[in-house]
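Asks: Quick one: sequence and predicted model below, then my questions.
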Amino acid sequence: MLNMDCQFKFGTLLCINSNDAIPKSDVNRKYFAGEHDRRVYRYYGVNDPVALKLLNKVVEMPSLEAPEDESIKTLYVGGLDKRITEQDLRDNFYAHGEIESIKMVLDKACAFVTYTTREGAEKAAKELSSKLVIKGLRLKLMWGKPQAPRPNSETSGGVR
């Protein structure tokens, strides 16, 4: 809401109080205008200490370390709900490499995105770690764990 002192003329945008004296000299007018510009642009991130603090926090966030096992090409995505579809995941992950498969496990609120190459998975992990937000949900991203081999029914000694 506008301050009651703001006029619906030149002073409205700058919220200049009717009692403020607008400088008469060129030097003072430039200074006056510069100070008001600085105040206005502060809210757009220019010379904004709050924005700088937030950006520094993002830089300091730990990155997702790739596992030593080079055969792992799967990323775990946690924190899903029923609003997020396979296509939503595909739309967010395909830019980093060719996707082999996406397996959604909605009862566990997670999904597994498998890339055709390790490089694609590493690129996605680097770019999306701590930044993955889909439909307003901040999702957790981790490297998938290798699956333990399932026992074969013929060699498990079970009854046929």
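Replies: Sure, I can see it.
Asks: Can you pull the phi/psi pair for Leu128?
Replies: phi -100, psi -10 (degrees, to the nearest 10).
Asks: Over to the residue lying closest to it once chain neighbours are set aside. Which of the three states is it?
Replies: Distances taken as Cβ to Cβ, 6 or more residues apart in numbering put Leu141 closest to Leu128, at 5.5 Å, once the chain neighbours are dropped. C-beta: built from backbone N, CA, C; applies to glycine. Classification of Leu141 using DSSP: H, G, I helix; E, B strand; the rest coil returns strand.
Asks: which stretches of the chain form helices?
Replies: Along the chain, the segments classed as helices by DSSP state H run 10-14, 26-41, 49-60, 86-93, 118-128.
Asks: What lies in contact with stretch 90-98?
Replies: Stretch 90-98 has contacts (Cβ atoms under 8 Å, 6 or more residues apart in numbering) with 75, 99, 102, 113, 115-117, 119-121, 123-124, 127-128, 132, 134.
Asks: If we use 6 Å, what do you get?
Replies: Val113, Tyr115, Thr116, Thr117, Gly120, Lys123, Ala124, Ile134 (Cβ atoms under 6 Å, 6 or more residues apart in numbering).
Asks: Of the helices of the chain, give the one that comes closest to Pro67.
Replies: Nearest of the helices of the chain to Pro67, taken as Cβ to Cβ: helix 118-128 at 10.0 Å.
Asks: between that closest one and helix 86-93, how many degrees?
Replies: 90 degrees (axes from the mean of the first three to the mean of the last three Cα atoms, to 10 degrees).
Asks: Counting neighbours, show which residues of helix 118-128 come out buried.
Replies: Counting neighbours by 16 or more other Cβ atoms under 10 Å, one finds that the buried residues in helix 118-128 are Arg118, Gly120, Ala121, Glu122, Ala124, Ala125, Glu127, Leu128.
Asks: residues near Cys110, how many?
Replies: When counting by other Cβ atoms under 10 Å, one arrives at 17 neighbours for Cys110.
Asks: What score does the nearest residue to it once chain neighbours are set aside have for pLDDT?
Replies: Computed as Cβ to Cβ, 6+ apart, the closest residue to Cys110 that is not its neighbour in sequence is Gly78, at 4.7 Å. According to the prediction, Gly78 has pLDDT 95.
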